[in-house]
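*Asks:* Sequence first, then the predicted structure:
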Amino acid sequence: EEEERPQAEKKQKDDDDDDEEEEEDEDGEEESPDVETMRKLLAFAQRQAHAELFAAPVDPVASNAPDYLTVVKKPMDFGTIRKKLPQYATIEAFVSDARLVYQNARKYNKSATHFVHRVASESARAFENELKALGLEDAAGAPATQKKVTAEDRMRRLLDALVAKKDLAYFFLEPVDPETLGLANYFDVVQKPMDLGTVRSKIGSYGTVDDFAADVRLVFENAMLYNKDPKLAVHDAAKRLLQVFDSKLAALQKKGKKSSSHKKRPPPLDPSVGRPPVVSLEQEEEPAEEPPTQEEDEESAGGGPAPAPPPQKAHEEPREAPTAKRRRVVEDLFEEDDDDDLDDDDDVAPDKDDDE
C-alpha cells in the first residue's frame, strides 16, 4: 500500500496539471498575463470550502428548484467560467462573472441563515480579499451587493418574507376563483378582491408604501371577512400573516425613521450673510469728539454725577421666514441597505383561543 500511495498521488497531480493545461492554445503559445491571473483567481475560488456547490450549472429538475430560472435571470458557475477563459477580453469581465456566481446563490437562497447563502457570502468575501491582495479591488467596479436598496426592492422582499411561509401563504398566492371553489356569494361579501400575486404585479405602480401596505392587508382582511370563524384554517393563516407583515413593516419604518433623524441637515440661513453691515444715521453723522473744557474737568474732579450716556437704539436683526413644514415621504423610511429585519424568522404563534 505504501508503494501504491506515491503513484496514486503522482497520477492525481498529473490529472490536475492536465486540467489546467486543457484550455491552452493548441499551438502552445504562452498565455497573456491577464489569462494567467484569471486562472489563479479561478483556482483560488475553487479551493474555497464547499466550492463544489458552484462548480457546475444548476439543474432545476435535479435540484428540485423549478423556479430557479425564473428567479435567476443570468445563471453562472465556475465550470462555465473555466470554459470561457480564452474568450474574456478583460479581467473585469471575468471578475463580473465570478461575482455573479455568488450573487445568484444568495439571490435564490434569500435567507441569510441558509447554508448555501452563508457559503456564498463567505466565499465572496474571500474572493474580494484576494482581488485586493492582487491589486484588482477596482476590477469590474464595486460588487453589486453594495447597490442602494430601493422602496420597490423592499416591497418585493416583504412579499417574499410572507410567501416563504408556505404552510400559511398558499391560500393567498392567486385570485380567488368562486366558481372552482364553490363560493357563489364570494363577490357579494368581498367587495374588493386582492391576492399576493396581484400585489406583486402592481409593484412599480404604487405611489407610496402606504398604498402597497393597504393592498397587502386587504388580502388578509378579505380572507378573515369571508371566513369569519377564527377556527378555520384560512382565517388563522390570514391573521398570523397579517401580524407578521405589520411587524416587519413597523421594524423597517422605525429603522428608516431613526436613520433619517441622524442625517446631517444644513445650518439655518444667517440673514446677515451676504448683506452690508447695518449702520445707523446717527453713527454716520456723529461729529468728532472734542476735548473736555476746564469746567467739565473741574466738575468731574469734584465728584459730580456724570451725565448718563444717551440711550442706544437697538437694531433688531431681521427675522427668518418660517420654514415650510416638511412633508415626510413614506418611501424615505425604506431607503436602507440593511436587511436584517427581513431575514429574521418571526413566525407568530397562534392564539390559545384559536387552538381551543
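*Replies:* Yes, it's here.
*Asks:* the bottom helix or strand of the chain by mean pLDDT?
*Replies:* helix 281-285 (a mean of 44; mean pLDDT, DSSP states H and E).
*Asks:* got any ranges where this protein has weak pLDDT?
*Replies:* Where the chain drops to pLDDT under 70, the residues are 1-32, 137-149, 256-356.
*Asks:* which residues does Ala105 contact?
*Replies:* 53-54, 116-117, 119-120 (Cβ atoms under 8 Å, 6 or more residues apart in numbering). To be clear about C-beta, it is placed using only N, CA and C from the backbone, and glycine gets the same treatment.
*Asks:* Is it possible to mark the buried ones in these?
*Replies:* Buried by 16 or more other Cβ atoms under 10 Å: 53-54, 117, 119-120, out of the contacts of Ala105.
*Asks:* Nearest to Asp160 among the residues you listed?
*Replies:* Closest approach between the buried ones among the contacts of Ala105 and Asp160, by Cβ to Cβ: His117, at 13.3 Å.
*Asks:* Would you indicate which residues of the host helix or strand of that closest one are buried?
*Replies:* Using DSSP states H and E, His117 falls within helix 115-133. Neighbour-count burial for helix 115-133, counted by 16+ other Cβ under 10 Å, picks out 117-120, 123-124, 127-128, 130-131.
*Asks:* Which helix or strand lies directly C-terminal to that helix?
*Replies:* Downstream of helix 115-133, the first helix or strand assigned by DSSP H and E is helix 151-163.
*Asks:* helices or strands up against that next one?
*Replies:* Packing contacts for helix 151-163, counted by 3 or more Cβ pairs under 8 Å, 6 or more residues apart in numbering; DSSP states H and E, involve helix 196-202, helix 209-226, helix 233-261, helix 340-343.
*Asks:* could you redo the last one with a cut-off of 7 Å?
*Replies:* Secondary-structure packing of helix 151-163 (3 or more Cβ pairs under 7 Å, 6 or more residues apart in numbering; DSSP states H and E): helix 196-202, helix 233-261, helix 340-343.
*Asks:* re the thing from before, dump the helix holding His117 to CSV, restricted to CA.
*Replies:* C-alpha atoms of helix 115-133 as CSV (Å, rounded to 0.1, in the frame of the first residue of the first chain):
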residue,chain,number,x,y,z
PHE,A,115,-26.4,27.0,4.2
VAL,A,116,-25.8,27.9,0.5
HIS,A,117,-26.3,31.6,1.2
ARG,A,118,-23.7,31.5,4.0
VAL,A,119,-21.2,29.6,1.9
ALA,A,120,-21.7,32.1,-1.0
SER,A,121,-21.2,35.1,1.3
GLU,A,122,-18.0,33.7,2.9
SER,A,123,-16.6,32.7,-0.5
ALA,A,124,-17.4,36.1,-2.0
ARG,A,125,-15.7,37.8,0.9
ALA,A,126,-12.6,35.7,0.4
PHE,A,127,-12.7,36.4,-3.3
GLU,A,128,-12.8,40.1,-2.8
ASN,A,129,-9.9,39.9,-0.4
GLU,A,130,-7.9,38.0,-2.9
LEU,A,131,-8.7,40.7,-5.5
LYS,A,132,-7.3,43.4,-3.1
ALA,A,133,-4.2,41.3,-2.5
